[in-house]
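Asks: need coordinates for the below:
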Amino acid sequence: MLTDDGVPVEAVYEPCTAGFGGSAGARAEAAADTPVIVVAHGFTGSVDRPAVRRAARVFSQRAAVITFSFRGHGRSGGRSTVGDREVLDLAVAVAWARTLGHRRVVTVGFSMGGSVVLRHGALYTDGSEARDRAVRVPVRERRTGEHSGAHSDVVVAVSSPARWYYRGTAPMRRLHWVVTRPSGRLVGRYGFRTRIATDDWDPVPLSPVAAVPLIAPAPLLLVHGDRDPYFPLDHPRMLADAAGEGGAELWLERGMGHAENAADDALLGRIADWATGALPA
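Replies: Numbering: from 1, shown residues only. Coordinates of the predicted model:
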């Protein structure tokens, strides 16, 4: 896939394993009625990481699945901007899902991917142009119109930060060292197979907590572990408060750590069941 800013992004499509019988026409119609879940991995992840493959396997029991590597990760091009321009990567993946015939799309993001699905849910909606003006979205983040149908119908963010530049935990202080220091970026490149951009954000992108109120009327699920070593529970609570009453469902998972590595099969199944159940008929 090629993003609006020209970055090639690797992606994998997997049909729903429930399967459909009958004629080719009947199978095509059934596939169109089958939802697709687009998975946005966390920082240093990729389509071939075991945790991402496991999530795809569980999700594919309820829906078709698209996994992809964010820019700077895996075999995708470009460099990671740690949640900024990655919204363009998600947008092209969602648009691709619709070109494959799927009418209903769920985005599920983990950690950095969680922040991306929140911003994507705010920026890629019907009436996006009016929304861009309302929140003063930078021109480079606005839809170009090249990828029509790039909006999601249901949004799920797992282990997402609420605000940028958070350094309140030791893992986040280490992550900032990886991202901001030349020696840290070398560790990212050769230790984690993640190529990181050297430029600072300019302008600073819409924050997750500012994006949340703009996602409605799409259903929103927030999932967070009470043992998350990166982001304490004030992050999901801040996001839920920003959504307003009835604007989001919040699951605080007992004993859970961080992101896709900590999400077991049972939780992934519950997420898929909630997301597909929240889709419009």
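Asks: what segments of this structure are strands?
Replies: 11-14, 36-40, 64-68, 105-110, 154-158, 220-225, 249-253 (DSSP state E).
Asks: now the angle from the fifth one to strand 249-253?
Replies: Between the axes of strand 154-158 and strand 249-253, defined by axes from the mean of the first three to the mean of the last three CA atoms, to 10 degrees, the angle is 30 degrees.
Asks: if we look at strand 154-158, which residues are touching it?
Replies: Strand 154-158 has contacts (CB atoms under 8 Å, 6 or more residues apart in numbering) with 105-111, 114-115, 117-118, 120-121, 208, 215, 218-224, 239, 259-260, 263, 271, 274-275, 278-279. (C-beta placed from N, C-alpha, C; glycine too.)
Asks: strand partners (parallel or antiparallel) of it?
Replies: strand 105-110 (parallel), strand 220-225 (parallel) (DSSP bridges).
Asks: next: the shortest one.
Replies: Within its sheet, and counting by DSSP bridges, strand 11-14 is paired with strand 64-68 (antiparallel).
Asks: can you check what angle separates the strand it pairs with from strand 36-40?
Replies: 20 degrees.
Asks: which residues does the spatially most central residue of the chain bridge with?
Replies: Compute the mean C-alpha point of the chain, and by CA atoms, centre = their mean the closest residue is residue 109, 3.1 Å away. Using DSSP bridges, the beta-bridge partners of residue 109 come out as residue 40, residue 157.
Asks: low-confidence regions, the chain specifically.
Replies: 19-31, 126-148 (pLDDT under 70).
Asks: so where do the helices sit in the stretch 151-281 of the chain?
Replies: Taking DSSP state H, counting those that start in this stretch as the test, the helices found in the stretch 151-281 of the chain are 170-180, 182-191, 208-211, 234-243, 259-262, 265-278.
Asks: buried ones in the last one?
Replies: Looking back up the chat, that one is helix 265-278. By 16 or more other CB atoms under 10 Å, the buried positions in helix 265-278 come out as 267, 268, 270, 271, 272, 274, 275, 276, 278.
Asks: show me the contacts for the third one.
Replies: Think residue 270. Counting by CB under 8 Å, 6+ apart, residue 270 has no contacts.
Asks: ok, back up a step: now, which of the buried residues of helix 265-278 sits nearest residue 190?
Replies: The closest of the buried residues of helix 265-278 to residue 190 turns out to be residue 268 (CB to CB; 30.6 Å).
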